[in-house]
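Visitor: Sequence and predicted structure are below.
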Amino acid sequence: MRVTSKGQVTIPQAIRERCGLLPHTEVHFVEEGGRVFLERDDSQPSRGTEAVQRLQQARLRTKLSTDQLLALTRGDIETGDQL
């Protein structure tokens with residue numbers, strides 16, 4: 001395999017799959033004894049994990065009950081009715 005003029009290489013698909021290197025996976029390089037190693041960077045939470053954390057930290061900004069919210073999402077009541 002050759003390094004391109006832009007410094008890029010293609011990681012073979014079998015290796016990507018075995019190592020869990022999906023598109024947009026963060027990686028970093030480690031240099032040891034004249035060799036370079038590529039490692040997946042698991043220190044950053046995934047976008048899904050970040051979204052769940054934001055939802056868990058969100059504060060409720062309504063005084064509607066769960067039943068009222070469900071009725072709104074189903075279209076059972078209009079915005080001004082019974083609220």
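Guide: Yep, it's here. Here the structure is a predicted model, which is why all the values come from computation and not from measurement.
Visitor: could I have the helix-or-strand element of the chain with minimal mean pLDDT exported to CSV, CA atoms only?
Guide: Comparing helices and strands within the chain by mean pLDDT, DSSP states H and E singles out helix 47-57 as the least confident, with a mean of 83. Presented in CSV, the C-alpha positions along helix 47-57 are these (Å, rounded to 0.1, in the frame of the first residue of the first chain):
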residue,chain,number,x,y,z
ARG,A,47,-23.0,11.5,18.8
GLY,A,48,-25.8,9.2,20.1
THR,A,49,-24.3,9.1,23.6
GLU,A,50,-24.0,12.9,23.6
ALA,A,51,-27.7,13.3,22.4
VAL,A,52,-28.9,10.9,25.2
GLN,A,53,-26.9,12.9,27.8
ARG,A,54,-28.4,16.2,26.6
LEU,A,55,-31.9,14.7,26.8
GLN,A,56,-31.2,13.4,30.3
GLN,A,57,-30.0,16.8,31.5
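Visitor: pLDDT (mean, whole number) over the helix or strand that comes right after that helix?
Guide: Towards the C-terminus, the helix or strand next in line after helix 47-57, according to DSSP states H and E, is helix 66-74. pLDDT averaged over helix 66-74 equals 86, rounded to a whole number.
Visitor: Check which helices and strands helix 66-74 is in contact with.
Guide: Contact here means 3 or more CB pairs under 8 Å, 6 or more residues apart in numbering; DSSP states H and E; on that basis helix 66-74 packs against no helix or strand. Every C-beta, even on glycine, is put in place using the N, C-alpha and C of the backbone.
Visitor: For it, list every residue counted as buried.
Guide: Of the residues in helix 66-74, those scored as buried under the neighbour-count criterion (16 or more other CB atoms under 10 Å) are 68, 71, 72.
Visitor: got any ranges where this protein has weak pLDDT?
Guide: 77-83 (pLDDT under 70).
Visitor: now do 80
Guide: Regions of the chain meeting the criterion pLDDT under 80 cover residues 44-47, 59-62, 76-83.
Visitor: Centre-most residue in it?
Guide: What sits nearest the mean C-alpha location of the chain, by CA atoms, centre = their mean, is residue 47, with 2.0 Å.
Visitor: Distance check, it against residue 37.
Guide: Spatial separation of residue 47 from residue 37 under the definition CB to CB, to the nearest Å is 26 Å.
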